[in-house]
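Undergrad: how would this look folded up:
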Amino acid sequence: MTARILLVDDVEASRRILEAKLTAEYYQVLVAEDGAGALDLAAREPPDIILLDVLMPGMDGLQVCRALKADPELRHIPVVLLTALDSREARLEGLEAGADEFLSKPIDDVMLFARLRSLARLKVMIDELREREETSRRMGMAPMPGARLGASGGRVLVVDDDPERARALAEDLAVEHRPVIETEAEKALMSARGPIDLAVINIASQSFDALRLVARLRSGDHSRQVPILAVVDFDARDRVLKALDLGVNDLIAWPADALELRVRSRALIRRKRYSDYLRDTVAQSMELAVTDQLTGLNNRRYMMGQLDALLERTSSGGDPVSLLMLDIDHFKRVNDTWGHTLGDEVLREVAIRLASSVRAVDIPCRYGGEEFVVVMPATRLTDAARIAERIRTAISVEPFAVGDREIPVTVSLGVSASDGADDRPESLIRRADEALYEAKAAGRNQVVIRPRRP
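TA: So this is what the prediction gives:
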């Protein structure tokens, strides 16, 4: 997978060598010579990944990284720090600054490109979710964040067939998180189906194939979004590279430094919660797009899509489809007498009684104003008429208690059914509408059916 990479290094020779290697692997490379230039270029042409040298004059790489992570428009871009410093303190400082990886010079090309492929996959996923979330927000349908987006208090699954090693990892994680230990692969897969924020897996486990466990987690519907921190022996190079290719998000050497383990875990959990928030926002926006906000029923857009699909099946020999239209009798009088706020309460109560009177397979919707529609799959006209009469009775049987008032409400209903291979949603709706107006003309508070055309 290719990507656009911003390479930041003040040493021209180092910059040119790495740029050539990246270009040879078909990456698009942007180049900056210092920290200020990197921030400016990242803002103008946001890259997919940033390779950032730490030791630079003026604004060093750590300062640049902190500035990137403080910018709401740039903080989601993965940052890989490159440095000749290989001390524990330097590595932890880089990770604390928000870096996604910390690679020591001279750069191991194979490891670098494996990490770039992993980070590029992550960036594609985040970009897609961000784009959908932004589209929803522009349409006014995206809710504000409701979930906690921090990185503390996560539920972490520790998978290691060595109980002592697993216990040591869990004790270090327990400072901030709630670790759960599994020493068997099958039990780990079952645990991952629950609310897990992070899986920490020892790739060197002997009693099961840890790489196969990673692959199964990545292919499972309930676990594919769980970030994986692999505990590895970097001398086992082939297994480390394979782990990255299979979808491991981050690596830590064994024996694991307790502070580094917590820093890396914190970053992965924070990213997962951000991704979860984006997914939840998109899902809620999609629901808002097909839901009537006043009544909670599906809206006209959803109804038309469902009706069209059902009639397509009917035209291919499937079961008939029926549709009823409902209009609240004298609803204007309710609004004029008691006001629109009370009128809205009447609409909500009609929706509740309507939804309580139909079958589980039926699709009750608000069509607009005081009109409602129920789409009834696999239903003949006579059965639909009985359902319509049940709805009419449920609404009119007792007055609506709204505030300190009791308001008598009745409805008129028109019912139609699919009429052959050429029936379309518009024709079914038109016949139900004609029947509805016939019911209103005949005195209201009744059901009229419109049989098939002769």
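
Undergrad: so who does the nearest residue to Glu389 once chain neighbours are set aside touch?
TA: Spatial nearest neighbour of Glu389, chain neighbours left out: Val447 (5.3 Å); criterion: Cβ to Cβ, 6 or more residues apart in numbering. (Glycine included, C-beta is placed from N, CA and C.) Counting by Cβ atoms under 8 Å, 6 or more residues apart in numbering, Val447 touches 385, 388-389, 392, 412-415, 439.

Undergrad: Repeat that for Ser118.
TA: Neighbouring residues of Ser118 by Cβ under 8 Å, 6+ apart: 244-245, 247-249.

Undergrad: and it, what pLDDT?
TA: Note for Ser118: predicted pLDDT of 87.

Undergrad: which parts of the lengthiest helix in the chain are buried?
TA: Using DSSP state H, we find that the single longest helix of the chain is helix 258-289. For helix 258-289, a neighbour-count test (16 or more other Cβ atoms under 10 Å) marks 259-275, 277-278, 281-282, 284-285, 288 as buried.

Undergrad: Buried subset of the contacts of Ser118, written for PyMOL?
TA: In PyMOL, a selection of the buried entries from the contacts of Ser118 looks like this (16+ other Cβ under 10 Å):
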select buried, resi 244+247+248+249
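
Undergrad: ok, of the contacts of Ser118, which one's closest to Pro364?
TA: Each of these was scored against Pro364 by Cβ to Cβ, and Gly247 proved nearest at 42.5 Å.

Undergrad: In helices, which of the contacts of Ser118 appear?
TA: Those of those lying in helices (DSSP H): 244-245.

Undergrad: Which two of the contacts of Ser118 have the greatest separation?
TA: Asp245 and Asn249 (12.4 Å).

Undergrad: Turn the contacts of Ser118 into CSV, including pLDDT.
TA: Conversion of these to CSV gives the following (pLDDT from 0 to 100):
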residue, pLDDT
Leu244, 92
Asp245, 93
Gly247, 92
Val248, 94
Asn249, 92
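
Undergrad: closest to Pro451 among the contacts of Ser118?
TA: Gly247 (58.7 Å).

Undergrad: pretty sure the closest one is touching Arg216, no?
TA: No. Counting by Cβ atoms under 8 Å, Gly247 stays clear of Arg216, with 10.7 Å between them.

Undergrad: Give me the helices and strands touching the following helix or strand past the longest helix of the chain, please.
TA: Where DSSP states H and E defines the elements, the next helix or strand beyond helix 258-289 is helix 300-315. If you count contacts as 3 or more Cβ pairs under 8 Å, 6 or more residues apart in numbering; DSSP states H and E, helix 300-315 packs onto strand 363-368, strand 371-376, helix 425-441.

Undergrad: Quick one: work out the angle between helix 300-315 and helix 425-441.
TA: 110 degrees (axes from the mean of the first three to the mean of the last three Cα atoms, to 10 degrees).

Undergrad: Output the below-cut-off pLDDT ranges for the protein.
TA: Low-confidence segments of the chain (pLDDT under 70): 1, 132-152, 282-288, 420-422, 452-454.

Undergrad: So what are the structural domains in it, by residue number?
TA: 4-139, 155-288, 300-449 (the TED database).

Undergrad: Neighbours of Asp250, how many?
TA: By other Cβ atoms under 10 Å, 21 other residues sit near Asp250.

Undergrad: The closest residue in space to Tyr437 that isn't next to it in sequence is in what secondary structure piece?
TA: Closest residue in space to Tyr437, ignoring its immediate chain neighbours: Gly414 at 7.2 Å, by Cβ to Cβ, 6+ apart. Per DSSP H and E: Gly414 is located in strand 411-417.

Undergrad: returning to what we had before: identify the bridge partners of the residue nearest to Glu389.
TA: When bridges are taken as DSSP bridges, the partners of Val447 come out as Leu413.

Undergrad: secondary structure class for the closest residue to Ala185 other than its chain neighbours?
TA: Closest residue in space to Ala185, ignoring its immediate chain neighbours: Phe208 at 4.0 Å, by Cβ to Cβ, 6+ apart. Counting by DSSP: H, G, I helix; E, B strand; the rest coil, the backbone at Phe208 sits in coil.

Undergrad: Which of the three states applies to Asp221?
TA: coil.

Undergrad: got the contact list for it?
TA: Per Cβ under 8 Å, 6+ apart, neighbours of Asp221: none.

Undergrad: Next: His76.
TA: Contacts for His76 (Cβ under 8 Å, 6+ apart) come out as 123, 126, 130, 274.

Undergrad: Among those, which one sits closest to Ala168?
TA: Distances from Ala168 to the contacts of His76, taken by Cβ to Cβ, are shortest for Tyr274, at 29.2 Å.

Undergrad: residues in contact with the residue lying closest to Glu12 once chain neighbours are set aside?
TA: Of all residues not flanking Glu12 in the chain, Glu33 sits nearest, at 7.9 Å (Cβ to Cβ, 6+ apart). By Cβ under 8 Å, 6+ apart, Glu33 lies in contact with 8-10, 12, 15.

Undergrad: Arg390 and Ser357 touch, don't they?
TA: Yes. Here Arg390 reaches Ser357: they are 5.2 Å apart, a contact under Cβ under 8 Å.

Undergrad: ok, these two, which is more surrounded?
TA: Taking other Cβ under 10 Å, Arg390 and Ser357 do not tie; Ser357 has more neighbours (19 against 14).

Undergrad: Let me know the distance separating that one from Gly414.
TA: The spacing between Ser357 and Gly414, counted by Cβ to Cβ, to the nearest Å, is 16 Å.

Undergrad: Repeat that for Leu7.
TA: 68 Å.

Undergrad: Distance to Gly403 added to the contacts of Ser118, as CSV?
TA: Converted to CSV, the contacts of Ser118 look like this (distance: Cβ to Cβ, whole Å):
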residue, distance to Gly403
Leu244, 63
Asp245, 64
Gly247, 57
Val248, 59
Asn249, 55
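
Undergrad: partner residues bridging Arg405?
TA: Val402.

Undergrad: how far away is it from Arg353?
TA: 17 Å.

Undergrad: more crowded one of these two?
TA: Taking other Cβ under 10 Å, Arg405 and Arg353 do not tie; Arg353 has more neighbours (19 against 12).

Undergrad: Contacts only, for the more buried one.
TA: 391, 394-395.

Undergrad: Out of the residues you listed, list just those in strands.
TA: Assigned to strands by DSSP state E, none of those qualify.

Undergrad: and stretch 66-77, how far apart are its ends?
TA: With Cα to Cα, to the nearest Å as the measure, stretch 66-77 spans 12 Å from end to end.
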